[in-house]
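Visitor: Pasting the sequence and the predicted model now:
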Number of protein chains: 6
Amino acid sequence: MKVGFGKLGNIGAAPLLEFLLDERADRKDIDVRVVGSGAKMGVEQATEVAQKLLEFKPHLAVVTSPNAGLPGPTKLREILTGGKIPTVVVSDGPAKKAVQDIEKLGAGYMIVEADAMIGARREFLDPAEMALFNTDLMKVLTVTGVFNLLWQEIDKLVQTIAKGEALTLPKIVIDKEKAVAYSALNNPYAKTKAMAAHEIAKRVADLTVEGCFVVKEWERYTQLVAAAHEMMREASRLADEAREMDKAEDRVVRMPHHDDGTILSKQRLIEKPRRPGEA
Amino acid sequence: MKVGFGKLGNIGAAPLLEFLLDERADRKDIDVRVVGSGAKMGVEQATEVAQKLLEFKPHLAVVTSPNAGLPGPTKLREILTGGKIPTVVVSDGPAKKAVQDIEKLGAGYMIVEADAMIGARREFLDPAEMALFNTDLMKVLTVTGVFNLLWQEIDKLVQTIAKGEALTLPKIVIDKEKAVAYSALNNPYAKTKAMAAHEIAKRVADLTVEGCFVVKEWERYTQLVAAAHEMMREASRLADEAREMDKAEDRVVRMPHHDDGTILSKQRLIEKPRRPGEA
Amino acid sequence: MKVGFGKLGNIGAAPLLEFLLDERADRKDIDVRVVGSGAKMGVEQATEVAQKLLEFKPHLAVVTSPNAGLPGPTKLREILTGGKIPTVVVSDGPAKKAVQDIEKLGAGYMIVEADAMIGARREFLDPAEMALFNTDLMKVLTVTGVFNLLWQEIDKLVQTIAKGEALTLPKIVIDKEKAVAYSALNNPYAKTKAMAAHEIAKRVADLTVEGCFVVKEWERYTQLVAAAHEMMREASRLADEAREMDKAEDRVVRMPHHDDGTILSKQRLIEKPRRPGEA
Amino acid sequence: MKVGFGKLGNIGAAPLLEFLLDERADRKDIDVRVVGSGAKMGVEQATEVAQKLLEFKPHLAVVTSPNAGLPGPTKLREILTGGKIPTVVVSDGPAKKAVQDIEKLGAGYMIVEADAMIGARREFLDPAEMALFNTDLMKVLTVTGVFNLLWQEIDKLVQTIAKGEALTLPKIVIDKEKAVAYSALNNPYAKTKAMAAHEIAKRVADLTVEGCFVVKEWERYTQLVAAAHEMMREASRLADEAREMDKAEDRVVRMPHHDDGTILSKQRLIEKPRRPGEA
Amino acid sequence: MKVGFGKLGNIGAAPLLEFLLDERADRKDIDVRVVGSGAKMGVEQATEVAQKLLEFKPHLAVVTSPNAGLPGPTKLREILTGGKIPTVVVSDGPAKKAVQDIEKLGAGYMIVEADAMIGARREFLDPAEMALFNTDLMKVLTVTGVFNLLWQEIDKLVQTIAKGEALTLPKIVIDKEKAVAYSALNNPYAKTKAMAAHEIAKRVADLTVEGCFVVKEWERYTQLVAAAHEMMREASRLADEAREMDKAEDRVVRMPHHDDGTILSKQRLIEKPRRPGEA
Amino acid sequence: MKVGFGKLGNIGAAPLLEFLLDERADRKDIDVRVVGSGAKMGVEQATEVAQKLLEFKPHLAVVTSPNAGLPGPTKLREILTGGKIPTVVVSDGPAKKAVQDIEKLGAGYMIVEADAMIGARREFLDPAEMALFNTDLMKVLTVTGVFNLLWQEIDKLVQTIAKGEALTLPKIVIDKEKAVAYSALNNPYAKTKAMAAHEIAKRVADLTVEGCFVVKEWERYTQLVAAAHEMMREASRLADEAREMDKAEDRVVRMPHHDDGTILSKQRLIEKPRRPGEA
């Protein structure tokens, strides 16, 4: 089965998304194709990306972009759903405004509240700062459960398609409680730290939006977006602390894929992963 | 000008590479297309990826994969160079064995020594662990200067093509000293911390290779690859510490792209970036 | 001159407020009296507190409470302004709704946005947790500049009264930018860390309000308020980090009171404080 | 029942003391009144404070001050015991010299050895430094068990008075072992870290006393008192580390008050607090 | 029984070695003599040291030095084995080349791979830097199990000699797995952190050897050896983190010597140590 | 010139002392001999150690031991001074009682107040704990200036003997201010952190003495000595923090020995060391 990923612009959920499905590159049940346009997300790019992705004839399409309500991302999913490809939109907070539009097309969506906008001001954001923000953000998305939710939902669709059953596309706004429920963290304090990290990450967007769109004086907005990135760095450290807590009790849940696509699981470091239901 | 990225499998240098060229999505001089195959890197995937990428008619191609000497990555660059596209291979340490082959095709290369192999054992590596390893690794690649070197070399090619001048493709093995020279760190202790982080990251591969290919007893290899990931986490913390040192003196160099592609630069947080040569 | 403090219930700004005016207990120009009712803040307590405070015949009254719009705090300031005492209300975010009412009485106000409500659920909050939350919060209020703003505004009133000039009572909502402007931090990254700490502290209230007033299932609200306290602990650590940055350059501004009430200042640790205008 | 608090000057045990009795402001069995004089602790202030406190007719009085042997604190307790109010003195190390005098008046005492004197030198101590020292100190007093001991002893008196039984006022010097016994910490290493934090906090006073009263050269005493505050910051971090240890095993004991004044207890985060003896 | 220690030059395993045998100075079964030559390790020093040590008539000799293949260390062990003293060589990585030579003499050896060469360049190494490198290194050797292995092997020889049984001298290259097996760490993540620390420490030597013997430009080699010491500091912090993990579960294994030389053991902090086999 | 070191038992100042004189093993002006007795420090051991040391005919002797007032250490220095060797005693706090006795023999002394006794209880102290305590302690002694003072005083004697001038042996009690004056730390906050670390280290002895000699119940003394070691770990972390502060400004003073014994110095990492008086 082919899973196609169409990527316009960048959000924290995008760069590693396809690898979450096949973390050791040994799955035999899926083949992945990715087409993207880098940082740009105009209608022109969206059109080209969508067409190429269609040519790969995917059984399922996952499209990622910031703000799924913009014309580019809209065009992307219209072309894909127009091509009868079951399509799931993965996007950030502002995409909530596009939910009705997405549903009308028959597409699904997973909206990541913690996937905060970057501090995109030229006085502040250079390639290194961009990369650091993304590593911090991706660490938060991993530990707080967001990535787990994303790949498990996609896996579910893959299984359903494989069995030839009727598909129900996900319609999920991933908030702090939904995320942490998927985090597989054991220690309840680790969970609260993860939830705190998630909330801080989400609130980063308040400052970047203010710094990028509201405040006009450059000294002020530079300080605002820099403060926002400090928040994300802090959220990342808190997420790391949460995971270390589970290490401290040897209770890190691991859920590797079998090469047949089955999700195994285990908890002790020195322990074999097991299939669901296996003793 | 179109820059095409072909991605087979994953290395730390790959997921954010195209965004490093256009961190605020405002460059007018380049348009980017990415085609990838997710975690798989067989010849079949490579062929499809290469053909689609050719259809985008890029002026320059950058291909990323682990171990560029494998048949898949080899096929990918052969099709691209066969299509007369100037091609640069970005790969990890084992790619050193492919250097002659790459040169024969007239392609360039940038080999990232610190881009260590992940601990790909089913008892250990699940989607979350994979994502965390990559965030740690990408933080190391950012702070130690590796990413700076990569995007600046690609930018140089873009400028040369834009001017219609003769292209010289890069042939670089990025070691600890080359990386740190590009780190733009100011404090000399920050540089030594970055170099230490780079060396630790590079040495991660010794343990993952031993754990994945040499040791057969599962309890032993699980411990080895887990130790390797602890090394990468530590390298990431050390890289973070290096950058904080420059913050502590307000000496973080930032090199944002202008929308015309010029690389600006600045050092104080509250300061406007300047064009090269500008007072 | 007598400064009276009336305290109903607790907010982070309250427990150390009077000591901020006279940190070494050597000021000769003011004498302080405090009357409070502990944790309770009903109308009955407010009435008793106000009457006793009036009996001290203060030249200026500062009243502190959560949510200044509640009946108790309202009664407190009504009695004081009824007694012709210039009165300044210090309260937290929900007090914004009481601003008009405060202005009508001719009182001033300083509303501390970062002074987030505690996670007051019996499953979570015990005396120790209450104390730890307050120490974290007070550290944030100190480093981010909130305390500086509060005591400097009160000092200004004291000076004005001492000179017999006309009083203008403050009307200030202390947000992240106003606070940091008073923080006296030097390093611009320290300022961004302080601003990030301020924002995180303020956002604690979103979770405690949700946990205390919205969510009814005890397992859920316990997790929410616990996550909120983790956020405050993190904000406190970030504030500490900001101050350490200024230590690292020997640039910690200190503003001790002279015993005549003058605010001196200095920056190097080994340096004598100077009067304003002194070389 | 009314509990009165009379506060002269500041010690770490004072600012949050009344809130420790009623951390969620829902106790129906007690009503609290506080009268204080801010930083000053002269006889004049003590007299006024005592008289106002008497007017509230408390069933029990708790008085706080540094060095209970000074004339002001002495006057304060003399007036209260003269008014037949059962009185407990809470003070710091130097108060040990006043123990006989306190006993002669029939008052009780709780002397907090770790409640070290602040570094009260004008070259060093400004409002921000004062506040930070107090937050660090209060964190130490919370985690090491001092606050638990204080509020549980006062609660005991409240219960005894409520039952109309004969009162025995406490006569306790709170040293490192007594404190830690009340800390409710579970992990034995957490206890040793708490004890270490307690000892460091107590030893802060050696340096502040030397810096404030013995050494006359300002460069030397500035360094001494600054070193003392660094010790307190370190003690605070160690206390925090101790508590985190108990979080890491989900063994943080919580002892919330019921609204009838009963001390409940629990240990797991997601668990209901129970009355004493309840299964 | 007399155990003699001959020390030429310094390695991390040397300065505390004799104290590891008798950590509370109460063993009655052994008496220790040490003769050393400080930093120098020439043949002249070796000869004098060996002769004096022989005069003490030890039943067992342990000799420490860097690179046991050099003429000095070679002379030292030749004189001792020539005097019929059972001799064990403790040395660092380069000593592997001397293994055959050592075996020919009938001596034993324990080669410590993690005992990396110091960054011995005058532009970098002064007494303070030397001491700090050694404290970091010794912390790594302690936590990762190296010291445990060393003293337990020597203890075994002591017991054998005491019983008059035939001696088999150890022939051990202590690598990361052998070390961690002796670490007595419980938590499996603590073990992986210890293994990571061990690997980083070992790799320090790559940079110090390059900096001391390969690179000639002083700016470059200064940076290289400084980076190497940052690696060792990091290894030390990671080792500390590993031990704290076992504290967090109250699972720190302790193996004190009884005064009769028996190795006792215990695990809970508040627990009596027991003899082997004791319940 | 020959410098002899006689070592009885262990203190923190002892294990690295001779290496502080010749950190890169290249000094041509001195040759070092060490004779020691391991952990034991009885009169018998002292006699043997002293006699062997005399046989080396040192021009100067440095003797180290805990509590120089005990019979063993006393015998050691008596034999050496009886042999007309200029002798300097290096010992810990309890040695203050031996000062008169040392002076009567014409010997010098350097007493290290921060060199606190270890927690020598069998329930707690095993070889690993002993080693960790010593690494922490040695880090404190390095950064706070104690080691600098020790080796510079010995170097002074070496120079004086080399010139054939009259010797004045040192008579120094190294307290917190004397130590920090030698620390060569630049940042004044680094100095206060170093002083705090020194004070904490010194106070460790209060708890170990109480735990080893005063308290008899094993549960209590185990907790006391464990708390003492936590204090030393904390002092070590604070010392590390102090040094990092100077790194953060590239102001770490380095004082390497030239091979002729001259003490060079430098401050920037990338800078050549200079002789005294050299520009």
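Guide: Here it is on my side, so go on. Residues are numbered from 1 along each chain as shown, chains lettered A, B, ... in the order given.
Visitor: Run through the residues of chain A sitting next to chain D.
Guide: A:187-189, A:192, A:245, A:248-249 (CB under 8 Å from any CB of the partner chain). All C-beta atoms are positioned from the backbone trio N, CA, C, and that covers glycine.
Visitor: what ranges do the helices span in the stretch 1-150 of chain A?
Guide: Taking DSSP state H, counting those that start in this stretch to define them, one finds helices in the stretch 1-150 of chain A at A:17-20, A:43-55, A:71-82, A:99-104, A:127-143, A:146-163.
Visitor: can you list the residues of chain A near chain E?
Guide: Near chain E, when you scan chain A using CB under 8 Å from any CB, you find A:247-250, A:252, A:268-270.
Visitor: Any quick PyMOL command for the buried ones out of those?
Guide: With 16 or more other CB atoms under 10 Å in any protein chain shown as the burial test, the buried ones among the residues of chain A next to chain E are selected in PyMOL as follows:
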select buried, chain A and resi 247+248+249+250+252+269
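Visitor: Secondary structure, pLDDT and distance to E:Val173 for the residues of chain A next to chain E - can I get that in TSV?
Guide: Listed next are these as TSV, based on DSSP: H, G, I helix; E, B strand; the rest coil; pLDDT from 0 to 100; distance: CB to CB, whole Å:
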residue	secondary structure	pLDDT	distance to E:Val173
A:Lys247	helix	98	30
A:Ala248	helix	98	32
A:Glu249	coil	97	34
A:Asp250	coil	98	30
A:Val252	coil	98	32
A:Arg268	coil	98	30
A:Leu269	coil	98	26
A:Ile270	coil	98	25
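Visitor: Pull the residues that contact stretch A:123-134.
Guide: Outside of stretch A:123-134, the residues within contact range by CB atoms under 8 Å, 6 or more residues apart in numbering or on different chains are A:10, A:12, A:15, A:118-119, A:218, A:221-222, A:225-226, A:229, A:232-233, B:16, B:19-21, B:23-24, B:138-139, B:141-143, B:147-148, B:151, B:184, B:243, B:254-257, B:266, B:269, B:271-273.
Visitor: okay, the residues of chain A next to chain D in TSV with secondary structure and distance to chain C next?
Guide: Shown next, in TSV, are these (DSSP: H, G, I helix; E, B strand; the rest coil; distance: CB to the nearest CB, whole Å):
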residue	secondary structure	distance to chain C
A:Asn187	coil	12
A:Pro188	helix	7
A:Tyr189	helix	7
A:Thr192	helix	4
A:Met245	helix	11
A:Ala248	helix	16
A:Glu249	coil	18
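Visitor: Now the buried members of those.
Guide: A:187-189, A:192, A:245, A:248-249.
Visitor: quick one on the thing from earlier: compare the helices of the stretch 1-150 of chain A and give me the one nearest B:Ala95.
Guide: Nearest to B:Ala95, of all these, is helix A:17-20, at 19.4 Å by CB to CB.
Visitor: The closest one and chain B, any residue contact?
Guide: Yes - on the criterion CB under 8 Å from any CB, helix A:17-20 is in touch with chain B at A:18-20.
Visitor: most neighbours, which of those?
Guide: A:Glu18 (28 neighbours; other CB atoms under 10 Å in any protein chain shown).
Visitor: hang on, A:Val62 packs against A:Val3?
Guide: Yes - with contact defined as CB atoms under 8 Å, A:Val62 reaches A:Val3; the gap is 6.9 Å.
Visitor: These two: which has the busier surroundings?
Guide: Comparing A:Val62 with A:Val3 by other CB under 10 Å, the one with more neighbours is A:Val62, at 29 against 24.
Visitor: Could you pull up the contacting residues of the more buried one?
Guide: A:3-6, A:17, A:87-88, A:90, A:154.
Visitor: can you tell me which of those residues lies nearest to E:Ala107?
Guide: Relative to E:Ala107, the closest of the contacts of A:Val62 is A:Leu17; by CB to CB it sits at 59.5 Å.
Visitor: mind checking how far the residue of chain A positioned farthest from its centre is from F:Met138?
Guide: The centre of chain A is farthest from one residue, A:Glu217, which by CA atoms, centre = their mean lies 32.7 Å away. In this view, A:Glu217 and F:Met138 are 53 Å apart by CB to CB, to the nearest Å.
Visitor: can you check A:Ala120 too?
Guide: A:Ala120 is 49 Å from F:Met138, by CB to CB.
Visitor: quick one: which of those two has more around it?
Guide: F:Met138 (27 against 19).
Visitor: and that one, what is it in contact with?
Guide: By CB under 8 Å, 6+ apart, the neighbours of F:Met138 are E:131, E:134-135, F:12, F:15-16, F:147.
Visitor: Format those residues as TSV; extra columns: pLDDT and neighbour count.
Guide: Formatted as TSV, those follow (pLDDT from 0 to 100; neighbours: other CB atoms under 10 Å in any protein chain shown):
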residue	pLDDT	neighbour count
E:Ala131	98	24
E:Asn134	98	25
E:Thr135	98	29
F:Gly12	98	30
F:Pro15	98	26
F:Leu16	98	25
F:Phe147	98	27
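Visitor: Columns distance to B:Glu177 on top of the residues you listed, output as a markdown table?
Guide: Listed next are these as a markdown table, based on distance: CB to CB, whole Å:
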| residue | distance to B:Glu177 |
| --- | --- |
| E:Ala131 | 28 |
| E:Asn134 | 27 |
| E:Thr135 | 28 |
| F:Gly12 | 38 |
| F:Pro15 | 35 |
| F:Leu16 | 32 |
| F:Phe147 | 32 |
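Visitor: Could you work out the most separated pair of those?
Guide: Longest span within the contacts of F:Met138, CB to CB: E:Asn134 and F:Gly12, 12.3 Å.
Visitor: Now do the nearest residue to A:Ala39 once chain neighbours are set aside against chain D, distance only.
Guide: Nearest non-adjacent residue to A:Ala39, counting by CB to CB, 6 or more residues apart in numbering or on different chains: B:Ala25, 3.7 Å away. B:Ala25 is 41 Å from chain D, where distance means CB to the nearest CB, to the nearest Å.
Visitor: Distance check, B:Ala25 against F:Leu60.
Guide: Applying CB to CB to B:Ala25 and F:Leu60 gives a distance of 71 Å.
Visitor: try A:Asn186
Guide: For A:Asn186 relative to F:Leu60 (CB to CB), the value is 62 Å.
Visitor: Which one's more surrounded, these two?
Guide: Applying other CB under 10 Å to A:Asn186 and F:Leu60 shows that F:Leu60 carries more neighbours, namely 21 against 16.
Visitor: if I pick that one, what's in contact with it?
Guide: Residues near F:Leu60 by CB under 8 Å, 6+ apart: F:1-4, F:85-88, F:154, F:157-158, F:161.
Visitor: what about 6 Å?
Guide: F:Leu60 makes contact with F:3, F:86, F:157, according to CB atoms under 6 Å, 6 or more residues apart in numbering or on different chains.
Visitor: rewinding a little: just the buried ones from the contacts of stretch A:123-134?
Guide: Judged by 16+ other CB under 10 Å, buried ones among these: A:10, A:12, A:15, A:118-119, A:221-222, A:225-226, A:229, A:232-233, B:16, B:19-21, B:23-24, B:138-139, B:141-143, B:147-148, B:151, B:184, B:243, B:254-257, B:266, B:269, B:273.
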